[in-house]
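J.: Just the structure for this:
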Amino acid sequence: DSTIYTTISVIQPVTFAQSFTICQGSSINVGTSTYSTSGIYTDVLVADNGCDSTITTTLFVASTLTSNSSASICQGDSYAFGATSLTVAGTYSNTLPAVGGCDSIVTLFLSVLPIDTSNVFVTICNGQSYTFAATVLTASGTYLNTLTTVNGCDSIERLYLTVNPTITGSVSATICQGQD
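T.: Numbering: from 1, shown residues only. Got it, this is the predicted structure:
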(Lines give C-alpha, C1' and ligand atoms only; values in the text may rest on other atoms or scores of the structure.)
Protein backbone atom coordinates (compact mmCIF):
# COMPACT_ATOMS: atom_id res chain seq x y z
CA ASP A 1 0.00 0.00 0.00
CA SER A 2 1.11 3.52 -0.69
CA THR A 3 -0.16 6.75 0.67
CA ILE A 4 -0.41 9.81 -1.49
CA TYR A 5 -0.88 13.09 0.15
CA THR A 6 -2.50 15.82 -1.90
CA THR A 7 -2.43 19.39 -0.76
CA ILE A 8 -5.26 21.43 -2.13
CA SER A 9 -5.12 25.20 -1.90
CA VAL A 10 -8.38 27.02 -2.37
CA ILE A 11 -7.77 30.34 -4.00
CA GLN A 12 -10.47 32.88 -3.29
CA PRO A 13 -11.95 34.57 -6.32
CA VAL A 14 -10.84 38.14 -6.73
CA THR A 15 -13.55 40.78 -6.62
CA PHE A 16 -12.84 44.37 -7.37
CA ALA A 17 -15.06 47.48 -7.44
CA GLN A 18 -14.22 50.63 -9.36
CA SER A 19 -15.95 53.93 -10.20
CA PHE A 20 -15.43 56.28 -13.12
CA THR A 21 -16.88 59.58 -14.25
CA ILE A 22 -16.43 60.33 -17.94
CA CYS A 23 -17.60 63.09 -20.24
CA GLN A 24 -20.45 62.62 -22.69
CA GLY A 25 -19.07 61.14 -25.90
CA SER A 26 -16.27 59.25 -24.08
CA SER A 27 -16.10 55.56 -23.14
CA ILE A 28 -14.11 53.18 -20.93
CA ASN A 29 -12.89 49.63 -21.54
CA VAL A 30 -13.10 46.87 -18.94
CA GLY A 31 -11.63 43.65 -20.23
CA THR A 32 -13.19 43.22 -23.65
CA SER A 33 -16.25 45.37 -22.86
CA THR A 34 -16.68 49.04 -23.74
CA TYR A 35 -19.10 51.26 -21.79
CA SER A 36 -20.32 54.76 -22.64
CA THR A 37 -23.56 55.15 -20.66
CA SER A 38 -24.11 55.58 -16.93
CA GLY A 39 -24.76 52.35 -15.00
CA ILE A 40 -23.31 49.52 -12.92
CA TYR A 41 -21.55 46.82 -14.92
CA THR A 42 -20.17 43.42 -13.84
CA ASP A 43 -17.43 41.71 -15.84
CA VAL A 44 -15.92 38.31 -15.10
CA LEU A 45 -12.32 37.97 -16.27
CA VAL A 46 -9.78 35.21 -15.90
CA ALA A 47 -7.04 36.23 -13.46
CA ASP A 48 -3.35 35.37 -13.81
CA ASN A 49 -3.85 32.49 -11.39
CA GLY A 50 -6.51 30.94 -13.62
CA CYS A 51 -9.43 31.78 -11.35
CA ASP A 52 -12.29 34.07 -12.14
CA SER A 53 -11.96 37.71 -11.21
CA THR A 54 -15.13 39.77 -10.90
CA ILE A 55 -14.95 43.48 -11.57
CA THR A 56 -17.91 45.70 -10.72
CA THR A 57 -17.74 49.08 -12.46
CA THR A 58 -19.93 52.03 -11.55
CA LEU A 59 -19.95 54.50 -14.42
CA PHE A 60 -21.33 58.05 -14.43
CA VAL A 61 -21.43 59.97 -17.71
CA ALA A 62 -21.40 63.75 -17.20
CA SER A 63 -23.43 65.60 -19.81
CA THR A 64 -22.04 68.42 -21.90
CA LEU A 65 -23.14 71.79 -20.54
CA THR A 66 -24.74 74.06 -23.11
CA SER A 67 -25.97 77.62 -22.95
CA ASN A 68 -27.41 80.06 -25.46
CA SER A 69 -27.19 83.82 -25.42
CA SER A 70 -28.18 86.67 -27.69
CA ALA A 71 -26.43 89.98 -28.22
CA SER A 72 -26.80 93.01 -30.46
CA ILE A 73 -24.14 95.47 -31.54
CA CYS A 74 -24.28 98.62 -33.61
CA GLN A 75 -22.88 98.57 -37.14
CA GLY A 76 -19.16 99.32 -36.95
CA ASP A 77 -18.82 97.96 -33.39
CA SER A 78 -17.43 94.57 -32.37
CA TYR A 79 -18.41 91.91 -29.82
CA ALA A 80 -15.81 89.91 -27.85
CA PHE A 81 -16.72 86.21 -27.83
CA GLY A 82 -14.02 84.08 -26.28
CA ALA A 83 -10.80 85.06 -28.04
CA THR A 84 -12.66 86.28 -31.14
CA SER A 85 -13.86 89.78 -32.00
CA LEU A 86 -17.12 89.52 -33.98
CA THR A 87 -18.47 92.21 -36.33
CA VAL A 88 -20.91 90.23 -38.53
CA ALA A 89 -24.38 88.99 -37.58
CA GLY A 90 -24.65 85.21 -37.20
CA THR A 91 -24.67 82.20 -34.90
CA TYR A 92 -21.36 81.40 -33.22
CA SER A 93 -20.29 78.54 -30.92
CA ASN A 94 -17.42 78.40 -28.46
CA THR A 95 -16.30 75.23 -26.65
CA LEU A 96 -14.88 75.83 -23.20
CA PRO A 97 -13.41 73.34 -20.71
CA ALA A 98 -15.76 73.05 -17.74
CA VAL A 99 -15.21 71.90 -14.17
CA GLY A 100 -14.43 68.18 -14.17
CA GLY A 101 -12.78 68.35 -17.57
CA CYS A 102 -15.94 68.04 -19.67
CA ASP A 103 -16.68 70.60 -22.34
CA SER A 104 -19.15 73.42 -22.08
CA ILE A 105 -20.62 74.76 -25.33
CA VAL A 106 -21.78 78.37 -25.51
CA THR A 107 -23.85 79.44 -28.52
CA LEU A 108 -24.20 83.14 -29.35
CA PHE A 109 -26.84 84.62 -31.63
CA LEU A 110 -25.39 87.98 -32.71
CA SER A 111 -27.35 90.67 -34.52
CA VAL A 112 -25.89 93.85 -36.00
CA LEU A 113 -28.13 96.91 -35.83
CA PRO A 114 -27.78 99.35 -38.73
CA ILE A 115 -26.86 102.99 -38.39
CA ASP A 116 -29.89 105.05 -39.37
CA THR A 117 -29.09 107.77 -41.85
CA SER A 118 -31.28 110.45 -43.36
CA ASN A 119 -30.52 113.11 -45.91
CA VAL A 120 -32.20 116.51 -45.91
CA PHE A 121 -31.88 118.86 -48.88
CA VAL A 122 -32.67 122.53 -48.19
CA THR A 123 -32.30 125.60 -50.39
CA ILE A 124 -32.50 129.12 -48.98
CA CYS A 125 -31.88 132.56 -50.41
CA ASN A 126 -28.88 134.66 -49.56
CA GLY A 127 -29.59 136.60 -46.38
CA GLN A 128 -31.85 133.86 -44.98
CA SER A 129 -30.84 131.30 -42.34
CA TYR A 130 -31.69 127.70 -41.56
CA THR A 131 -31.55 126.14 -38.09
CA PHE A 132 -30.13 122.59 -37.96
CA ALA A 133 -29.28 120.75 -34.76
CA ALA A 134 -29.65 123.96 -32.75
CA THR A 135 -27.19 125.73 -35.05
CA VAL A 136 -28.16 128.69 -37.24
CA LEU A 137 -26.67 128.22 -40.71
CA THR A 138 -26.25 130.83 -43.45
CA ALA A 139 -23.64 129.22 -45.74
CA SER A 140 -23.92 126.44 -48.30
CA GLY A 141 -22.43 123.10 -47.23
CA THR A 142 -22.99 119.63 -45.85
CA TYR A 143 -23.71 119.43 -42.13
CA LEU A 144 -23.98 116.38 -39.88
CA ASN A 145 -26.00 115.78 -36.75
CA THR A 146 -25.37 112.53 -34.85
CA LEU A 147 -28.13 111.34 -32.56
CA THR A 148 -28.61 108.15 -30.50
CA THR A 149 -31.59 105.96 -31.38
CA VAL A 150 -33.69 103.98 -28.90
CA ASN A 151 -31.55 100.88 -29.54
CA GLY A 152 -28.40 102.80 -28.56
CA CYS A 153 -26.93 103.06 -32.05
CA ASP A 154 -26.04 106.24 -33.90
CA SER A 155 -28.48 107.98 -36.19
CA ILE A 156 -26.86 110.36 -38.63
CA GLU A 157 -28.84 113.21 -40.12
CA ARG A 158 -27.06 114.85 -43.06
CA LEU A 159 -28.10 118.32 -44.27
CA TYR A 160 -27.21 119.51 -47.75
CA LEU A 161 -27.76 123.26 -47.56
CA THR A 162 -27.69 125.41 -50.69
CA VAL A 163 -27.74 129.19 -50.39
CA ASN A 164 -28.83 130.80 -53.63
CA PRO A 165 -27.18 134.15 -54.33
CA THR A 166 -29.22 137.28 -54.50
CA ILE A 167 -29.58 138.34 -58.11
CA THR A 168 -29.30 142.02 -58.57
CA GLY A 169 -29.45 143.96 -61.74
CA SER A 170 -31.50 146.45 -63.61
CA VAL A 171 -33.68 146.04 -66.58
CA SER A 172 -34.63 148.95 -68.76
CA ALA A 173 -37.38 148.83 -71.21
CA THR A 174 -38.93 151.33 -73.54
CA ILE A 175 -42.58 151.17 -74.48
CA CYS A 176 -44.72 153.34 -76.62
CA GLN A 177 -47.66 155.18 -75.26
CA GLY A 178 -50.75 153.05 -75.35
CA GLN A 179 -48.90 149.76 -75.22
CA ASP A 180 -49.25 147.39 -72.36
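J.: which SSE is the most centrally placed residue in the chain in?
T.: Closest to where the C-alpha atoms of the chain average out (CA atoms, centre = their mean) is Leu108, at 2.8 Å. Assigned by DSSP states H and E, Leu108 belongs to strand 103-113.
J.: looking just at contacts, which helices and strands does that strand meet?
T.: strand 65-74, strand 79-81, strand 90-97 (3 or more CB pairs under 8 Å, 6 or more residues apart in numbering; DSSP states H and E). (C-beta placed from N, C-alpha, C; glycine too.)
J.: Out of those strands, the one nearest Thr146 is which?
T.: strand 65-74 (12.0 Å; CB to CB).
J.: so that closest one versus strand 103-113, what angle?
T.: Orientation check (axes from the mean of the first three to the mean of the last three CA atoms, to 10 degrees): strand 65-74 against strand 103-113 gives 20 degrees.
J.: Not counting sequence-adjacent ones, nearest residue to Val120?
T.: Excluding its sequence neighbours, the residue lying closest to Val120 (CB to CB, 6 or more residues apart in numbering) is Leu159, at 4.9 Å.
J.: pretty sure the one you found is touching Ser140, no?
T.: No. With contact defined as CB atoms under 8 Å, Leu159 does not reach Ser140; the gap is 10.7 Å.
J.: Give me the more crowded residue out of these two.
T.: Leu159 (19 against 14; other CB atoms under 10 Å).
J.: Give the buried residues for the helix or strand containing Phe20.
T.: Assigned by DSSP H and E, Phe20 belongs to strand 14-23. By 16 or more other CB atoms under 10 Å, the buried positions in strand 14-23 come out as Ile22.
J.: swap in stretch 152-166?
T.: Neighbour-count burial for stretch 152-166 [16+ other CB under 10 Å]: 153-155, 157, 159, 161, 163.
J.: Among these, find the lowest-pLDDT one for me.
T.: Among the buried residues of stretch 152-166, Asp154 carries the lowest pLDDT, at 86.
J.: ok, that one to Thr146 distance?
T.: Remark: distance between Asp154 and Thr146 (CB to CB, to the nearest Å) = 5 Å.
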